[in-house]
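this one's sequence-less:
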């Protein structure tokens with residue numbers, strides 16, 4: 001391995017950790033929430049996606065992501081490649097918590113699943129594969145397209161480290177939909193309460209529409 005290749009590998013973990021921490025801060029992620037990670041280790045190496053996967057890159061990405069996730073109590077879901085319909089490797093404990101998840105029977109390997117998913121499957125405590133998930137946030141390393149596994153509505157976050165190796169990085173957290181139109185209320189405040197916390201009386205609301213406008 002050349003010194004340049006070793007330098008690239010050594011930079012993977014710190015880059016992933018920096019981006020992950022920035023995503024947690026930007027999205028206010030909380031313990032128990034799910035983060036999907038899509039990775040092309042080929043793109044990390046500077047090669048076309050799906051052509052030159054490398055377990056060495058997968059190992060470093062997994063270690064950094066798992067370390068940060070454990071620190072914050074987050075669940076990780078690693079997206080497989082297109083050969084496995086972009087299914088996800090998760091811990092069986094998460095499957096048990098969310099009965100709506102549908103398990104599928106397959107073992108990801110580098111040539112069918114991808115190096116990242118294969119590594120995750122080998123190193124999780126009790127791995128399983130599910131067909132889809134609705135994650136609270138996600139990191140995409142190498143333009144693998146993780147949007148199909150994010151909740152609505154996705155809010156992009158600019159990564160502080162825009163590339164992991166040679167792979168382009170995008171990431172996002174999600175927020176609940178704002179519903180109801182111009183008369184809807186999204187925050188509840190108490191008059192004279194600068195903290196913004198609601199109290200039992202003197203609650204005030206902010207409406208976008210006139211009071212005379214009727215609501216059914």
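Okay, I see it. Source: prediction; values computed, not measured.

Next, give phi and psi for the closest residue to residue 44 other than its chain neighbours.
Excluding the flanking residues, the one nearest residue 44 by CB to CB, 6 or more residues apart in numbering is residue 165, at 3.7 Å. C-beta coordinates here come from the backbone N, C-alpha and C atoms, glycine included. Backbone torsions of residue 165, given as degrees, to the nearest 10, read phi 60, psi -120.

okay, now residue 165: neighbour count?
Neighbour count of residue 165, defined by other CB atoms under 10 Å: 22.

Surely it is in contact with residue 14?
No - with contact defined as CB atoms under 8 Å, residue 165 does not reach residue 14; the gap is 11.8 Å.

thinking again about what came up before, roughly how far does the residue nearest to residue 44 sit from residue 36?
20 Å (CB to CB, to the nearest Å).

One more: residue 120?
Distance from residue 120 to residue 36, by CB to CB: 12 Å.

Find residues that contact each of those two.
Common contact partners of residue 120 and residue 36 (CB atoms under 8 Å, 6 or more residues apart in numbering): 76, 78.

So which of those two has more stuff around it?
For residue 120 and residue 36, the more surrounded residue by other CB under 10 Å is residue 120, and the numbers stand at 29 against 26.

give me every residue that touches the residue nearest to residue 44.
Contact partners of residue 165, counting by CB under 8 Å, 6+ apart, are 8-9, 11-12, 15, 43-46, 57.

likewise residue 8?
44-45, 165-166.

from those, which single one is nearest residue 52?
Closest approach between the contacts of residue 8 and residue 52, by CB to CB: residue 45, at 5.6 Å.

Dead centre of the protein: give me the residue that sits there.
residue 138 (1.8 Å; CA atoms, centre = their mean).

and that residue, how far is that from residue 1?
30 Å.

same deal with residue 174?
Residue 174 sits 39 Å away from residue 1, going by CB to CB.

repeat for residue 129
32 Å.

In terms of neighbours, single out the busier of these two.
Neighbour count, other CB under 10 Å: between residue 129 and residue 1, residue 129 has more, with 21 against 8.

so where is the chain shaky, pLDDT-wise?
190-216 (pLDDT under 70).

Would you map the strands across it?
34-39, 75-79, 88-91, 103-104, 127-130, 137-141, 154-157, 163-164, 167-174, 189-190, 203-204 (DSSP state E).

Select, out of those strands, the one closest to residue 183.
Going by CB to CB, the one of those nearest residue 183 is strand 203-204, 15.0 Å.

list the buried ones in the longest helix anywhere in the chain?
For the chain, the longest helix by residue count, based on DSSP state H, is helix 3-27. By neighbour count on 16 or more other CB atoms under 10 Å, the buried set for helix 3-27 is 8-9, 12-13, 15-20, 22-24, 26-27.
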